[in-house]
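> Fold the following and give me the result.
(one chain, ligands or ions: 1)
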Amino acid sequence: MTSECLFCGIIAGTTPATIVLETDDVVGFLDVRPVFKGHTLLVPREHVVTLSDLPESLIVPLFSSAQRVADAITSGLGAQGTFVAMNNVVSQSVAHLHVHVVPRTKGDGLRGFFWPRTKYADGEAEEYAAKLRAALEA
Ligand code: AMP
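Take a look at the predicted model:
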């Protein structure tokens, strides 16, 4: 816990939030500016900043909570599906790891989260894959 962290304040109960889930390791609360209503953020109680910082012991607690909330969004709110995402460093506006679980329904207007797509030139996909495989083995 760090005193200047907004999400640590929510976890501690000193900053107001609309809580949807609490476990020993994880807190889930509604995003105050939802993409769609029901948009939930899941945070580990332990203050870590990015996915790389998340201890292995918290991976299952965090992502099983994301799975539970995703299921609750479809069964409880009537969404057809969900978009599950996490910003790390770039576009990360709160420096406490958080998983977004966003309700999705066909025709909701969120077209692929507005991601521009690119194409690989001939042979380029294999070059990228080779670099990734090497980094994974390092
Ligand atoms: P990101 O931009 O991926 O770091 O996501 C941070 C999210 O935190 C944004 O979607 C914000 O709307 C949300 N947020 C910021 N302050 C609060 C707060 N006090 N309570 C709930 N959600 C918040």
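
> Share the number of residues neighbouring A79, please.
A79 is flanked by 20 other residues according to other CB atoms under 10 Å. To be clear about C-beta, it is placed using only N, CA and C from the backbone, and glycine gets the same treatment.

> The spatially closest residue to it that is not a sequence neighbour: neighbouring residues, count only.
If the residues on either side of it in the chain are set aside, A79 comes closest to P103, at 3.6 Å by CB to CB, 6 or more residues apart in numbering. Applying other CB under 10 Å, we find 24 other residues in the vicinity of P103.

> so how far is P34 from P103?
As judged by CB to CB, to the nearest Å, P103 and P34 stand 9 Å apart.

> Please apply the same query to T40.
For T40, the distance to P34 - CB to CB - is 9 Å.

> N88 reaches S52, doesn't it?
Yes: between N88 and S52 there is a contact at 7.4 Å, judged by CB atoms under 8 Å.

> who's more crowded, these two?
Shown here are N88 and S52; by other CB under 10 Å, N88 has more neighbours (12 against 9).

> show me the residues around that one that make contact.
50-52 (CB atoms under 8 Å, 6 or more residues apart in numbering).

> hmm, what's the outermost residue in this protein?
Most distant residue from the mean C-alpha position of the chain: D122, 33.3 Å away (CA atoms, centre = their mean).

> Is V99 bridged to anything, and to what?
V99 has the following beta-bridge partners by DSSP bridges: L42.

> Next one: it from the ligand, what distance?
V99 sits 9 Å away from the ligand, taking CB to the nearest ligand atom, to the nearest Å as the criterion.

> residue contacts, that residue?
So V99 contacts 41-43, 62-63, 66, 84-86 (CB under 8 Å, 6+ apart).

> again, only this time at 7 Å
41-42, 62, 66, 84, 86 (CB atoms under 7 Å, 6 or more residues apart in numbering).
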